[in-house]
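Participant: Build me a model:
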Amino acid sequence: MKDLNGDGRPEAVITEGSTFCFGITGVVFNIVSKQANGSWRLVASRTGIATFLATKGAGGWPDVEIGGPGMCFPVERWNGREYVIHRRQYEGRPCRR
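Facilitator: Numbers count the residues shown, from 1 in each chain. Coordinates of the predicted model:
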């Protein structure tokens, strides 16, 4: 758990691994955010390995590189409502798929 977006409330990243359930990538992650009323809200759920980057989207949410097999991974950015594809990169450099 960590305050990912700097709002003073924790977020948690929950991962699960299984090639049977998640294919060759073998991992799924969920990001949940604690709300002011104490409940938890699902922010994102993706198949892949989440790597949080220094670059940020709306509200201070960090960009997330979604790793897996291969190269040229998607980087998603928070737009104020959801994480959406922002760019692709490999080892920190832009790439095309």
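
Participant: After the helix-or-strand element of the chain with minimal mean pLDDT, which helix or strand is next? Please name it.
Facilitator: Lowest mean confidence among the helices and strands of the chain (mean pLDDT, DSSP states H and E): helix 19-22, at a mean of 80. Proceeding C-terminally, helix 19-22 gives way to strand 27-34 as the next helix or strand, assigned by DSSP states H and E.

Participant: Give me the sheet partners of that next one and which way each runs.
Facilitator: Partners of strand 27-34 in the sheet, by DSSP bridges, are strand 11-17 (antiparallel), strand 40-47 (antiparallel).

Participant: Please name whichever of the ones you listed is nearest to Gly23.
Facilitator: strand 40-47 (7.2 Å; Cβ to Cβ). For every residue, glycine as well, the C-beta is placed using N, CA and C.

Participant: Contacts for the closest one next, please.
Facilitator: 11-12, 22-23, 25, 27-35, 64, 66, 68, 76, 82-83 (Cβ atoms under 8 Å, 6 or more residues apart in numbering).

Participant: Tell me the first helix or strand C-terminal of that strand.
Facilitator: That would be, after strand 40-47 and using DSSP H and E, strand 49-56.

Participant: Quick check: buried residues in that next one?
Facilitator: 49-50, 52, 56 (16 or more other Cβ atoms under 10 Å).

Participant: again with stretch 21-41
Facilitator: Quick answer for stretch 21-41 (16+ other Cβ under 10 Å): 25-29, 31-34.

Participant: Tell me where the model's unsure across this protein.
Facilitator: Scanning the chain for pLDDT under 70 picks out 97.

Participant: which SSE is the residue in it sticking out farthest from the centre in?
Facilitator: Centroid-distance maximum for the chain: Asn37 at 23.5 Å, with Cα atoms, centre = their mean. For Asn37, there is no host helix or strand (DSSP H and E).
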